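>>> Need the 3D shape of this:
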Amino acid sequence: KMMAKLAASFGKPNGQAVVHPQHFSNLLLTTKVSKVRNFGGKLGKQVLSLLHSNNRSGLNMKDFENSATMSDLAQVPLPVLQNAFSLETAQFVFNACQGIDHEPVKQTSGALVKSITAFKSFVASKNQSEIHNWLKLLAKEITERVAEDSTRNHRYPKSCTLNYTYYTTSNGR
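Coordinates of the predicted model:
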């Protein structure tokens, strides 16, 4: 699950990324400890503190936190981790820095995007007919997207927000 989450972050916002097991170690070479699932909070701070105390780089803790990778953590032997953490936590940390996580990936059915967006940009105009045409295009696009989402997901929006931004140029136009 951990490697799936890391791979998913590379495919954002719309794509997908696949990391094959033989490439896990390459990915972990550059993955910061704090970016890994379950290492962002208390456990992450404890792991970074342990790594920092065993590190001879001379970096202060803040700089070390921003540079420590899972590959650095993989250099810490299991007995050292077992001295610092419970046996279960030590094994979890040891496995994680090698890309091993036995927790299954859960399908996220029902996790739907909560907004539908359409954007139109046009040259400023004082002609109301021209502005009206742009608004009709925007309304048509939103209506089509709402209809598609309603058919697919059996829901209908409760609100609609229209944002209008007007920029003036230096000559006042």
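>>> per-residue confidence at T69?
Note for T69: predicted pLDDT of 88.
>>> tell me the contacts of it?
28-33 (CB atoms under 8 Å, 6 or more residues apart in numbering). (Glycine included, C-beta is placed from N, CA and C.)
>>> contact partners of stretch 135-148?
Residues external to stretch 135-148 that are found in contact with it (CB under 8 Å, 6+ apart): 116, 118, 120, 156-157, 160.
>>> okay, who's weakest in those residues by pLDDT?
Among these, K120 has the lowest pLDDT, at 74.
>>> now that one: how far from K114?
Going from K120 to K114 by CB to CB, to the nearest Å gives 22 Å.
>>> Show me which of those two is the more surrounded one.
Legend: neighbour count by other CB atoms under 10 Å for K120 and K114, higher for K120 (10 against 6).
>>> Sticking with the more buried one, tell me its helix or strand.
Using DSSP states H and E, K120 sits within no helix or strand.
>>> Check M3 too.
helix 2-10.
>>> L137 too?
Per DSSP H and E: L137 is located in helix 128-153.
>>> Give the buried residues for that helix.
Neighbour counts over helix 128-153 (16 or more other CB atoms under 10 Å) mark 142, 146, 149 as buried.
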